[in-house]
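K.L.:
For reference, the sequence and a predicted model appear below.
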Amino acid sequence: MRVVVADDNPVVRAGLTALLSGRPDIVVVAEAADGREACEAARELRPDVVLLDVRMPGVDGISALPYLVRIAPVVMLTYSRESEIVRESLRRGAGGYLVHGEFTADQLITAVRDTNHGGAHFTRTAAGALLAQVRQDADRGAGREGAGREGAGLPEGLGGAEASDGNLAQGSISSREQPASPADEVGWPQELSAISPHLLSRLQSNVGQSSSAGWPGGRAAVPDRSRFPLSAREAEIMDLIASGMNNQQIAATCFISEKTVKNHINRIFAKLHSTSRSEAAAKWLGTAWDQG
């Protein structure tokens with residue numbers, strides 16, 4: 001099984017590589033220090049599984065996730081335990097979410113192997129966030145009052161913020177959250193929660209649908225894009241635009257020049273009848289007011 005490890009901390013990368021490579025059925029084919037390197041490695045090496053950190057300089061894990069999941073299953077492996085990050089990772093296609101300090105070495109190996117076979121694993125913090133989302137969706141569906149959404153979005157600096165000078169964003173959030181202290185872990189078993197692929201798909205759909213609150217009549221979790229006659233390459237670039245990447249990041253991810261990216265974007269805007277990135281992204285994601 002071929003694995004790519006993406007984490008900006010070289011000590012963490014080295015430890016994960018040593019741990020995984022110590023198993024006869026696993027080989028780490030590449031290490032990456034940010035999301036862009038992870039995308040480049042995945043595109044070139046076609047791994048079976050990607051282990052992806054959240055907070056990294058340049059292209060963070062949340063921004064790289066939509067591209068990576070089109071190549072291989074991705075497990076988020078991070079110190080970030082905020083519920084909105086867990087939910088956004090799931091919405092963007094993550095097949096698992098493991099928080100450092102909440103699993104053993106053997107449990108990590110099991111999670112990687114299961115992910116390669118279509119399974120999914122979440123540590124207690126991530127599982128708690130998903131459970132809260134399911135309960136919130138149930139409350140909303142039952143029409144209960146006061147079942148407000150938790151968190152309006154991702155913490156500042158995550159998910160594809162574009163640098164004002166047009167260059168790659170240089171990590172608005174550079175420090176990690178520290179893992180909980182041993183005292184904080186008292187009473188919590190260090191074990192992974194495994195869920196079936198079918199349940200994962202339903203959870204991903206539920207998380208996607210949760211963002212429809214406040215829109216007239218709601219919106220579908222998967223927008224209808226059949227009316228947008230984009231080529232495969234244009235659709236790929238539109239996905240990256242919607243994830244928040246700027247032209248330089250898209251060019252690096254797709255191994256094309258910025259001029260080529262601009263040409264693609266001009267054609268995309270014409271086909272989507274849009275005049276800005278935000279308008280095109282809204283139509284592509286199904287969040288535009290006028291969908292007809």
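P.N.:
Happy to help now that I have it. From a predicted model like this one, the values you see are computed outputs, not experimental measurements.

K.L.:
Roughly how far does M76 sit from C254?
P.N.:
Distance of M76 to C254, given as C-beta to C-beta, to the nearest Å: 23 Å. For glycine as for every other residue, the C-beta is placed from the backbone atoms N, C-alpha and C.

K.L.:
Of those two, give the one with the bigger neighbour count.
P.N.:
Between M76 and C254, counting by other C-beta atoms under 10 Å, M76 is the more crowded of the two (26 against 19).

K.L.:
do you know how far that one is from H117?
P.N.:
Distance from M76 to H117, by C-beta to C-beta: 18 Å.

K.L.:
where along the stretch 1-150 of the chain do the strands fall?
P.N.:
2-6, 27-32, 49-52, 74-78, 96-99, 120-122 (DSSP state E, counting those that start in this stretch).

K.L.:
which of those strands sits most buried?
P.N.:
Most buried of these by mean neighbour count (mean count of other C-beta atoms under 10 Å) is strand 49-52; its value is a mean of 28.

K.L.:
what does that strand rub up against?
P.N.:
For strand 49-52, contacts defined as C-beta atoms under 8 Å, 6 or more residues apart in numbering pick out 1-7, 16, 35, 38, 42, 61, 64-65, 68, 71-78, 94, 112, 115-116.

K.L.:
which regions of the stretch 101-250 of the chain sit below the pLDDT cut-off?
P.N.:
140-153, 156-157, 160-225 (pLDDT under 70).

K.L.:
switch the cut-off to 80
P.N.:
129-227, 242-245 (pLDDT under 80).

K.L.:
follow-up on the earlier one: rank the strands of the stretch 1-150 of the chain by mean pLDDT and give me the bottom one.
P.N.:
Looking at the strands of the stretch 1-150 of the chain, the lowest mean pLDDT belongs to strand 120-122 (a mean of 85).

K.L.:
circling back: could the strands of the stretch 1-150 of the chain be laid out in CSV, adding distance to K283?
P.N.:
Shown next, in CSV, are those (distance: least, C-beta to C-beta, whole Å):
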stretch, distance to K283
strand 2-6, 31
strand 27-32, 32
strand 49-52, 28
strand 74-78, 26
strand 96-99, 29
strand 120-122, 31
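
K.L.:
Just the residues contacting stretch 14-29, thanks.
P.N.:
1-5, 7, 31, 41, 45, 47, 51, 77, 105, 108-109, 112-113.

K.L.:
Next, the angle strand 74-78 makes with the biggest helix by length in the chain.
P.N.:
Criterion DSSP state H: the longest helix present in the chain is helix 124-141. Put simply, helix 124-141 runs at 110 degrees to strand 74-78, going by axes from the mean of the first three to the mean of the last three C-alpha atoms, to 10 degrees.

K.L.:
Buried ones in helix 124-141, by neighbour count?
P.N.:
Neighbour counts over helix 124-141 (16 or more other C-beta atoms under 10 Å) mark 124-130, 133, 136-137, 140 as buried.

K.L.:
cool, stretch 13-22 as well?
P.N.:
Counting neighbours by 16+ other C-beta under 10 Å, the buried set in stretch 13-22 is 13, 16-17, 19-20.

K.L.:
Contacts only, for the closest residue to S89 other than its chain neighbours.
P.N.:
Using C-beta to C-beta, 6 or more residues apart in numbering and skipping the chain neighbours, the partner closest in space to S89 is M76 (5.0 Å). Taking C-beta under 8 Å, 6+ apart as the criterion, M76 is in contact with 52-54, 61, 65, 89, 94, 96-98, 126.

K.L.:
can you pull up the bridge partners for M76?
P.N.:
Counting by DSSP bridges, M76 forms beta bridges with L52, Y97.

K.L.:
Endpoints of stretch 27-44, how far apart?
P.N.:
16 Å (C-alpha to C-alpha, to the nearest Å).

K.L.:
In terms of residue numbering, what are the domains of the protein?
P.N.:
1-222, 232-285 (automatic domain parsing).

K.L.:
what about G15, distance to E31?
P.N.:
11 Å.
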